[in-house]
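Generate a structure from the sequence data that follows.
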Amino acid sequence: MIPLIVTLAVVAVIVLLVAGIYNRLVTLRNRFKNAFAQIDVQLKRRYDLIPNLVEVAKGYLKHERETLEAVIAARNQAVSANARAAANPGDPAAMKGLMGAEGQLGGVLGRLFALAEAYPDLKANQNMLQLMEELTSTENKISFARQAYNDAVTVYNTAREVFPAVIFAGMFGFGPAELFEVTAPAEKEAPKVSF
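Got it, this is the predicted structure:
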């Protein structure tokens, strides 16, 4: 009778341990998904500001149509990549696609800002100034949200890689999550706005 009680107690402890590990991984996965949702909100705000910025700039940058079209194309690619990443923030391929699209968007926005510097009338336009200020503020919010997301992903990845969770993480489908990193040095800085 005593061996049966000991065996049941050991089994109960193991079941509770596995349930605790599972619940902790679910909690941490939900935290990083929520953190990505915060990035998503700011990215959508940024994507909404860009067409307005291009519209204001169109009148002044008539000879720079290629740059304006590149901004809109990069914005559309970033919107698509963001939708894929938002559907599953844990998917490394979707996150890498979003990072690449955001890098391209940052590059063409930088070109647009550089062109705007060459047009004094555009630099003085009140709508342009307001849009640039909102875009700069949004870029800062994206940076903070990305930091919170990366912190949540790091905690999740660490929790799934330590013993004994590493034994059960794969069995329960808890794969690694991808950090939202900026890879190119030029992308690591927010666009410089000096009007």
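
To what extent is residue 33 buried, counted in neighbours?
18 (other C-beta atoms under 10 Å). (Each C-beta comes from the backbone N, C-alpha and C, glycine too.)

quick one: contacts for the residue nearest to it when sequence neighbours are not counted?
Nearest residue to residue 33, sequence neighbours excluded (C-beta to C-beta, 6 or more residues apart in numbering): residue 89, at 5.2 Å. Neighbouring residues of residue 89 by C-beta atoms under 8 Å, 6 or more residues apart in numbering: 32, 33, 36, 95, 149, 177.

Regarding residue 89, what is its secondary structure?
Following DSSP: H, G, I helix; E, B strand; the rest coil, the label given to residue 89 is coil.

What score does it have for pLDDT?
Residue 89 carries a pLDDT value of 90.

do the same with residue 127
According to the model, residue 127 carries a pLDDT of 85.

so the nearest residue to it once chain neighbours are set aside is in which element?
In space, residue 127 comes closest to residue 56 once its chain neighbours are excluded; the distance is 4.9 Å by C-beta to C-beta, 6+ apart. According to DSSP states H and E, residue 56 maps onto helix 2-58.

just residue 146 next, same as before
Using DSSP H and E, residue 146 falls in helix 126-161.

Now that helix: buried residues?
Across helix 126-161, burial judged by 16 or more other C-beta atoms under 10 Å covers 128, 131-132, 134-135, 138-139, 141-142, 145-146, 148-150, 152-153, 156-157, 159-160.

ok, then the element right after that helix?
Using DSSP H and E, the helix or strand that follows helix 126-161 in sequence is helix 165-169.

if we can go back for a sec, what is the burial count for the residue nearest to residue 127?
20.

how much space is there between it and residue 147?
With distances taken as C-beta to C-beta, to the nearest Å, residue 56 is found 31 Å from residue 147.
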